[in-house]
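In: fold the following, please.
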Amino acid sequence: MEILVIGQGAREHAIVRSLLKDPGVNVYCAPGNPGISQDAPIHAVDPNNSDSVVALARELNVNLVVIGPEAPLVAGVADALREAGFATFGPSKAAAQLEGSKAFAKEIMNAANVPTAKAHLCTTSEQVETALADFGSPYVVKDDGLAAGKGVVVTNDHDEAFTHAMACINGRAGGAVVIEEFLDGPEVSLFGVTDGHVIVPLSPAQDFKRVGDEDEGPNTGGMGAYTPLPWAPENLVQEVHASVLQPMIDEMAKRGTPFAGLLYAGLALTKNGVRVIEFNARFGDPETQVVLARLQSPLSELLYAAATEQLAELAPLEWNPDSAITVVLAAQGYPESPVLGAPISGIAEAEAHGVDVYHAGTANSGDDLVVSGGRVLSVTAMGSDLAQARLTAYQAVEIIEFTGGHHRTDIAKKAAQGEIQL
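Out: Sure thing, here's the model as predicted:
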C-alpha cells in the first residue's frame, strides 16, 4: 500500500513511523521535516493547497492519503482528494467545522444530546461582559476559530478573560468568542476513528497544556501526554462511545455532512459525569505519539477502512498493555516568543536509549539541525508502567541539548504516583 501523509509536525512523524511498521506499506510525507525525511521521502508541497496535494497524490499514485493537521481539513483539501478519486483519511471541509467553529460544535452537541458545558457565543463587548458575569470565575474563554491549540484561556482574572475575548472577536473578520462554564475534574483525550457510520475508540490519553510544571503559565499546543490512564473508570471508553462519539457521528450523518476521519473528544470527568470540553477533527498532538506507541493492530488497515467505509468489517483493535509517555522539548521563549536557530544535538544518542524522538520544530541549516518552531521535539518512551516509562523518557530528554530549551518535569507524575482522584 502506498500512503501519503500530509503535515510536518511530531504528530505526522509518529503517524509515519507507525505506518512503516506495517508489512507491505510505503509512506511519503508532504511537506515533512528533517526527522521524517530520515524515515520516508518528503515532498515540498503546501499542505493547504488542494491542487498541489492532489497533483502529488497523482504523481506518487498512492492508495491512501492521511491528513494530519487541522488547517488543510478546514481548507477543504480532503474534499479535493476525494473528488479526484483518492481514499482519504480526514473529514470534509463541512464536517471539519466541528473543530473550525466552537459554536457549530455546540450546536451539534445540543442536537445530539451530548453532555457539554453551558456556553454563550459572543460577538460584542457587551455580550462578553454579560457572559463573564453569568458564569463567574474561573472564566473559560475560547476563540471560535482555529488557534493551533492556543485559543483557550482559563483564568480567575476578569480583565485577562475580557482582553482575550475581545482579541478573539477583533482578530479576524466575523470574529467571535465562546464563553463557557468551568468544568471541574481531570481531563481526558479520547480519539475515535470513523468512516461516517461506525466509530472505533482508541486508547484514552491525558495531555498537559500549560507550559510549566503544576499547570503553571500560559496554554500551549501541548507539553506532553501519557496513556493508558490507571485512574480512569473501567467503563470510560464504552460510556464515551455510547454517549458522545456515536451520537455526534449519527447527528452529522443525519445533517448530510458525514464525519469520516478522526474525531477527537476533549473531555472533563466532572462530579456530575463526563462532559465534552471540545472536539477536534484530527489526531491530537502530543497524544498521538503515545496512543500510536501502544497500538498493535496495523494502523494502515485502520485508516484505510475508515477512508473506504469498511470499519464494520475490521477486527477489534489490539493494544500493548505497557504504558507510554511523551515529553515535549520546547524552544527558548515558547509559547510567547520562541527563539529560533539554536543547533540541536543528542537525538541519536537519546534514541539509543530505546525512545522515539519525533521532530516538530526542526530544520536543516548547513550541517546543523536547528530549532525552527516553538515545540521542537517529542521524546516518547514505553515502560511496564508509567513510572518506568517516565524514567526512560526523562533519561533520554537529558541527553538532547539546544540553547534555552525547556520542558515540563511532571508529565504523568501524579498518575504514576496514584495521586489523581475522581
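In: got the domain ranges for the protein?
Out: Annotated domains of the chain cover 2-89, 119-180, 184-313, 323-416 [automatic domain parsing].
In: adding distance to residue 102, mean neighbour count and mean pLDDT, write those out as CSV.
Out: For glycine as for every other residue, the C-beta is placed from the backbone atoms N, C-alpha and C. Below are the domains of the chain laid out as CSV (distance: least, CB to CB, whole Å; neighbours: other CB atoms under 10 Å; pLDDT from 0 to 100):
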stretch, distance to residue 102, mean neighbour count, mean pLDDT
domain 2-89, 13, 21, 97
domain 119-180, 4, 17, 88
domain 184-313, 7, 20, 96
domain 323-416, 20, 20, 97
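In: of these, which is nearest residue 100?
Out: Proximity to residue 100 (CB to CB) singles out domain 2-89 among the domains of the chain, at 4.4 Å.
In: can you check the distance spanned by that closest one, start to finish?
Out: 14 Å (CA to CA, to the nearest Å).
In: chain center to that domain, what's the gap?
Out: Mean C-alpha position of domain 2-89 versus that of the full chain (CA atoms, centre = their mean, to the nearest Å) differs by 17 Å.
In: could you measure from the residue with the largest distance to the centre of the chain over to residue 139?
Out: For the chain, the residue at maximal distance from the C-alpha centroid (CA atoms, centre = their mean) is residue 126, at 33.2 Å. Taking CB to CB, to the nearest Å as the measure, residue 126 falls 16 Å from residue 139.
In: how much space between the residue nearest to the spatial centre of the chain and residue 32?
Out: Geometric centre of the chain, nearest residue: residue 284, 1.1 Å, by CA atoms, centre = their mean. Counting by CB to CB, the gap from residue 284 to residue 32 is 20 Å.
In: please apply the same query to residue 43.
Out: Using CB to CB, residue 43 is found at 7 Å from residue 32.
In: one more: residue 82?
Out: Taking CB to CB as the measure, residue 82 falls 23 Å from residue 32.
In: for residue 369, see how far away the residue lying closest to residue 61 once chain neighbours are set aside is.
Out: The shortest distance from residue 61 to any non-neighbouring residue, by CB to CB, 6 or more residues apart in numbering, is to residue 2 (6.4 Å). The gap separating residue 2 from residue 369 is 28 Å, by CB to CB.
In: for residue 293, same thing?
Out: 23 Å.
In: for residue 355, same thing?
Out: 17 Å.
In: mind checking what secondary structure residue 18 has?
Out: Under the three-state scheme (DSSP: H, G, I helix; E, B strand; the rest coil), residue 18 adopts helix.
In: spit out the contact partners of it.
Out: Neighbour list for residue 18: 292, 295, 299 [criterion: CB atoms under 8 Å, 6 or more residues apart in numbering].
In: quick check: phi and psi at residue 102.
Out: Backbone torsions for residue 102, taken as degrees, to the nearest 10, come to phi -60, psi -30.
In: tell me the contacts of it?
Out: Going by CB under 8 Å, 6+ apart, residue 102 touches 119, 121, 142-144, 178, 278.
In: can I get those in JSON lines with distance to residue 218 and secondary structure?
Out: Formatted as JSON lines, these follow (distance: CB to CB, whole Å; DSSP: H, G, I helix; E, B strand; the rest coil):
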{"residue": "119", "distance to residue 218": "22", "secondary structure": "strand"}
{"residue": "121", "distance to residue 218": "24", "secondary structure": "strand"}
{"residue": "142", "distance to residue 218": "15", "secondary structure": "strand"}
{"residue": "143", "distance to residue 218": "14", "secondary structure": "strand"}
{"residue": "144", "distance to residue 218": "20", "secondary structure": "coil"}
{"residue": "178", "distance to residue 218": "19", "secondary structure": "strand"}
{"residue": "278", "distance to residue 218": "18", "secondary structure": "strand"}
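In: wait, isn't residue 57 in contact with residue 81?
Out: Yes - with contacts counted by CB atoms under 8 Å, residue 57 reaches residue 81, the gap being 6.3 Å.
In: now do the shared contacts for the two.
Out: Residues touching both residue 57 and residue 81 (CB under 8 Å, 6+ apart) are residue 65.
In: quick revisit: looking at the domains of the chain, which is closest to residue 101?
Out: So among these, domain 119-180 is nearest, using CB to CB, at 5.8 Å.
In: and the end-to-end length of that closest one?
Out: End-to-end distance of domain 119-180 (CA to CA): 4 Å.
In: roughly how far out does it sit from the chain middle?
Out: How far domain 119-180 lies from its chain's middle: 22 Å, per CA atoms, centre = their mean.
In: quick one: the strands in the stretch 201-350 of the chain?
Out: Remark: strands assigned in the stretch 201-350 of the chain by DSSP state E, counting those that start in this stretch are 206-207, 210-212, 216-219, 224-227, 261-270, 273-280, 323-330.
In: now the ones you listed in a markdown table, with distance to residue 151?
Out: Listed next are the strands of the stretch 201-350 of the chain as a markdown table, based on distance: least, CB to CB, whole Å:
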| stretch | distance to residue 151 |
| --- | --- |
| strand 206-207 | 16 |
| strand 210-212 | 15 |
| strand 216-219 | 8 |
| strand 224-227 | 19 |
| strand 261-270 | 13 |
| strand 273-280 | 10 |
| strand 323-330 | 18 |
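In: so which of those gets nearest residue 77?
Out: Nearest to residue 77, of all the strands of the stretch 201-350 of the chain, is strand 261-270, at 11.7 Å by CB to CB.
In: residue 68 is in contact with residue 283, correct?
Out: Yes - Residue 283 lies in contact with residue 68 (CB under 8 Å); the separation is 6.5 Å.
In: and for those two, which residues touch both?
Out: Between them, residue 283 and residue 68 share these contacting residues under CB under 8 Å, 6+ apart: 11, 15.
In: residues touching residue 111, list them.
Out: Here residue 111 is in contact with residue 251 (CB under 8 Å, 6+ apart).
In: right, I mislabeled it, should have said residue 380
Out: Residue 380 touches 14, 289-290, 293, 324-326, 355-358, 393, counting by CB under 8 Å, 6+ apart.
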